[in-house]
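Colleague: just a sequence and a predicted model for now, questions to come.
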Amino acid sequence: MLPLVSKHWRPFVINGLVNSLRRPLTKPLAPLLTVPSRLNSTSTTATKPLGWTAKPKPAKWQEKQSSWQSKSKLTGPPTEVQEENALRKALQHRSNLWPLLDCLWEHLKANDSQSVLRLYAQYVEGKKETTPSPKPQSESPLAFSMEDQPDRTAANAEAHHNLVLAAIAAHAMEGSFEAALGTFRSSGLNRWPEHEAHHFLQQFGLAMPSDQALRNQIGVYFRDVRIAHWLSIPTAFSRHVKALAKARSLEQIWSLYWSMYQGITRPSPFISPSDTASTSPHVPQYVWGSFLASFFRCDRYDLAKGLWETLEDLGVHRDVGLWTTYLDGLDHLRLSDVALSFWEEMKLERVQPDCLSYRAIISVCLRDDQIAAGMDIFQQFKALRNKEGWSEEMCRSVYNTVLDGLLMNRVVDQAKRILEEMRINGPAPDAVTYNIFLGYFHRRGDFAEIGKMLSQMDKERVVGDVYTFSILLTALLRAGRPDAVDVVVQHMNDRGIKANVAIYTTLIEEHLKMRTESSLIAVMKLLDKMKTVPSARPNDVTYTSILTNLYRGGWLPKDKLIYYEQEVLQRMKAERVHLNLPGYHAVLRACFERPGGASHAMSYYREIKRRNIPLVQTTWYILVAGLLEHRQWQWAREIVEEMKKSKITPSASLARLVMKVEQGNGSDAQLIDH
């Protein structure tokens with residue numbers, strides 16, 4: 001087991017994980033779960049990891065049922081005539097799938113799986129005669145939407161989803177998993193309907209309370225089809241898991257992981273844990289790596305460690321990429337002592353580190369006050385560099401990491417010596433190398449050193465990037481140069497970089513990342529310059545970037561925000577530049593990120609209405625979700641009423657938000673902040 005040092009426990013004390021981390025992990029994830037790790041395979045719910053606290057949901061939401069069952073006119077299994085009428089309506093009027101769904105539902109309640117499959121097959125065959133074949137599923141990450149995100153499907157999407165779920169439920173009754181998976185893959189759905197599946201099972205349990213065993217079996221099929229589908233498109237699956245981690249959606253990540261784990265460890269497994277096996281579906285190394293990285297990104301070292309030991313128990317070969325992912329995770333948490341022990345374990349396992357492995361271990365050491373250990377490993381890397389034949393680009397990433405770590409610890413002289421070593425012996429410094437020094441001297445306000453670095457770049461013919469020019473512009477402005485923008489533009493032109501609107505906009509974005517008033521002054525000067533260059537006039541993208549950065553994060557005092565907001569809006573009016581709808585979406589999201597930003601968001605909403613821009617699902621979703629988060633009940637009800645007048649049919653996720661507004665208690669709402 002890896003030794004854990006007391007000074008690194010602080011991140012886990014917050015999550016109440018100290019005791020669980022100090023206990024040894026004997027079986028895969030066993031101490032982390034509320035039940036034994038080898039759960040009965042009929043369990044339909046992913047066990048939540050220790051320390052997880054689910055967001056409370058009001059009982060009225062848990063009891064909510066879909067509307068289609070309550071509207072059903074059937075009181076038992078449908079007749080042949082009723083089936084024919086339902087099929088005709090479904091095929092002739094694509095928005096009227098509900099009668100067909102009623103028929104399938106009644107057959108399910110009667111335990112007549114054959115009739116369900118027969119009727120569903122007739123519907124599918126009928127569609128083929130009138131509709132082109134569905135396009136193959138792509139591995140685009142946009143094919144998958146996370147829970148509670150705006151859904152752009154048609155109004156009858158919920159019915160179509162439930163038709164497919166009913167067919168899968170019928171296959172579950174017959175014990176045919178391959179057929180269930182085939183039904184989903186041929187359905188044209190490119191994502192698993194999480195919300196509809198949950199309510200389908202809820203409805204089934206209410207309709208057949210005496211047959212919970214069958215409900216559980218259907219739930220297992222839903223879970224298994226979902227994970228098998230994901231594993232059939234592993235690249236998209238990996239991206240999806242990482243996207244969930246970016247959104248800190250730990251519960252959803254855990255649900256996917258647990259479904260996959262159960263598919264591997266059940267008495268009759270249908271998933272292979274390794275891509276070296278012939279069994280399909282199988283879990284590629286990079287999918288394991290995405291879960292490992294995601295647990296670390298969610299600050300759950302306990303889950304990452306449990307997963308690592310699970311891989312060993314499952315006999316999965318952990319290649320150097322997985323070891324490096326683990327080191328990167330420890331770097332994220334700054335657990336240098338754990339990382340050094342892990343590094344030694346890596347050697348004992350005869351895993352040969354590559355450049356990225358060295359970069360990760362050196363980074364965690366230098367970022368966590370283990371300078372001597374980090375530099376010792378760097379010396380080992382240098383001894384192996386030529387022998388291993390690693391590319392110059394890969395080696396340079398290690399050197400740049402060392403420089404960044406040394407400067408973070410203010411070990412400037414040693415960093416300069418390594419830079420000189422790079423000039424003489426390689427790998428040759430690039431723009432990133434110099435930007436590391438420029439960024440450090442910029443933060444220190446050392447303009448003399450910035451000048452030296454820029455001169456050295458010219459001498460070595462290293463062309464800077466937008467970050468380089470952004471630092472140069474700030475330095476000149478701070479030095480009181482009124483011609484700062486002209487000097488930077490000329491500097492770019494001399495190096496063959498033609499300043500167009502995209503370059504200027506990127507320069508503006510880099511300045512706004514600094515989040516200082518001096519950076520805003522520089523942005524205004526850049527806008528003035530852009531007006532004089534025909535090919536670089538500010539456009540809607542430019543102003544969208546400025547406005548979103550003004551609102552995001554609450555870094556500007558209110559009086560300064562109002563001043564610069566008005567300055568930007570007046571410039572847009574004078575130049576006749578208007579935001580498009582995606583631009584408004586970005587600005588609205590940024591407004592809601594700022595405390596008290598609801599009033600700014602409502603101003604933009606009223607502007608959208610004045611310009612007669614049609615609002616889409618995404619617009620309504622951002623507004624309702626943002627106002628709910630800010631507890632602005634009066635405005636939220638106003639938006640809901642406007643949405644109803646627009647005749648838009650809300651998606652399932654938007655409908656849930658509307659219910660929160662209509663059923664919410666406004667007595668504790670904040671005063672509207674005009």
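Modeller: Right, received. Where do you want to start?
Colleague: between the two ends of stretch 343-363, how far is it?
Modeller: 13 Å (CA to CA, to the nearest Å).
Colleague: packing partners of the longest helix along the chain?
Modeller: Secondary structure assigned by DSSP state H gives helix 212-232 as the longest helix of the chain. Applying 3 or more CB pairs under 8 Å, 6 or more residues apart in numbering; DSSP states H and E, we find helix 212-232 packed against helix 157-174, helix 177-185, helix 194-207, helix 234-246, helix 250-265. All C-beta spots, glycine's among them, are computed from the backbone N, C-alpha and C.
Colleague: a markdown table for those, including mean pLDDT and mean neighbour count?
Modeller: Below are the helices and strands packed on helix 212-232 laid out as a markdown table (pLDDT from 0 to 100; neighbours: other CB atoms under 10 Å):
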| stretch | mean pLDDT | mean neighbour count |
| --- | --- | --- |
| helix 157-174 | 88 | 23 |
| helix 177-185 | 89 | 18 |
| helix 194-207 | 82 | 18 |
| helix 234-246 | 91 | 19 |
| helix 250-265 | 92 | 21 |
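Colleague: now the ones you listed as a markdown table including distance to G597?
Modeller: Shown next, in a markdown table, are the helices and strands packed on helix 212-232 (distance: least, CB to CB, whole Å):
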| stretch | distance to G597 |
| --- | --- |
| helix 157-174 | 32 |
| helix 177-185 | 42 |
| helix 194-207 | 29 |
| helix 234-246 | 22 |
| helix 250-265 | 26 |
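Colleague: if we can go back for a sec, by how many degrees do the longest helix of the chain and helix 250-265 diverge?
Modeller: Calculated by axes from the mean of the first three to the mean of the last three CA atoms, to 10 degrees, helix 212-232 forms an angle of 100 degrees with helix 250-265.
Colleague: D540: which of the helices and strands packed on helix 212-232 is closest?
Modeller: With CB to CB as the measure, helix 234-246 is the member of those nearest D540 (26.2 Å).
Colleague: next one: that closest one to chain centre, how far?
Modeller: Here helix 234-246 is found 7 Å from its chain centre; the criterion is CA atoms, centre = their mean, to the nearest Å.
Colleague: which neighbouring elements make contact with it?
Modeller: So helix 234-246, by 3+ CB pairs under 8 Å, 6+ apart, packs with helix 212-232, helix 250-265, helix 285-297.
Colleague: show the average pLDDT along the shortest one.
Modeller: Per-residue pLDDT values over helix 285-297 give a mean of 95.
Colleague: next SSE after that helix?
Modeller: helix 301-313 (DSSP states H and E).
Colleague: please name every helix or strand in contact with that following helix.
Modeller: Counting by 3+ CB pairs under 8 Å, 6+ apart, helix 301-313 packs on helix 10-13, helix 18-22, helix 250-265, helix 285-297, helix 320-333.
Colleague: buried sites along stretch 311-324?
Modeller: L311, L314, V316, R318, L322, W323, T324 (16 or more other CB atoms under 10 Å).
Colleague: would you format these as TSV with pLDDT and distance to T618 included?
Modeller: Formatted as TSV, the buried residues of stretch 311-324 follow (pLDDT from 0 to 100; distance: CB to CB, whole Å):
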residue	pLDDT	distance to T618
L311	94	39
L314	92	41
V316	92	40
R318	92	41
L322	96	37
W323	97	41
T324	96	38
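Colleague: show me which pair in those residues is furthest apart.
Modeller: L314 and T324 (19.8 Å).
Colleague: any idea which helix or strand comes after the helix or strand where S545 lies?
Modeller: Under the criterion of DSSP H and E, S545 resides in helix 540-551. Going down the chain from helix 540-551, the next helix or strand is helix 558-575, by DSSP H and E.
Colleague: buried set for that following helix?
Modeller: L561, Y564, E565, E567, V568, R571, M572.
Colleague: wait, which of those residues is closest to I613?
Modeller: M572 (15.5 Å).
Colleague: excluding chain neighbours, what is closest to the closest one?
Modeller: Take M572 and drop its neighbours on the chain: the residue closest to it by CB to CB, 6 or more residues apart in numbering is Y543, 5.4 Å away.
Colleague: ok, the one you found touching V568?
Modeller: Yes: contact between Y543 and V568 holds when scored by CB atoms under 8 Å: they sit 6.5 Å apart.
Colleague: helix or strand: which one has the residue of the chain most remote from its centre?
Modeller: Residue farthest from the centre of the chain, counting by CA atoms, centre = their mean, is V81 at 48.6 Å. For V81, the enclosing helix or strand under DSSP H and E is helix 80-92.
Colleague: which SSE is immediately downstream of that helix?
Modeller: Immediately after helix 80-92, counting by DSSP H and E, sits helix 98-109.
Colleague: tell me which other helices or strands that following helix touches.
Modeller: helix 67-71, helix 80-92, helix 113-130, helix 157-174, helix 194-207.
Colleague: gap between it and the chain center?
Modeller: With CA atoms, centre = their mean, you get 37 Å for helix 98-109.
Colleague: with stretch 578-594 instead?
Modeller: 19 Å.
Colleague: buried ones in it, by neighbour count?
Modeller: L579, G583, Y584, H585, A586, V587, L588, R589, A590, C591, F592, R594.
Colleague: surely V241 meets S290?
Modeller: Yes: using CB under 8 Å, V241 is in contact with S290, at 4.4 Å.
Colleague: and of the helices and strands packed on helix 212-232, who's closest to N549?
Modeller: helix 234-246 (19.3 Å).
Colleague: low-confidence stretches in the stretch 451-600 of the chain?
Modeller: Low-confidence segments of the stretch 451-600 of the chain (pLDDT under 70): none present.
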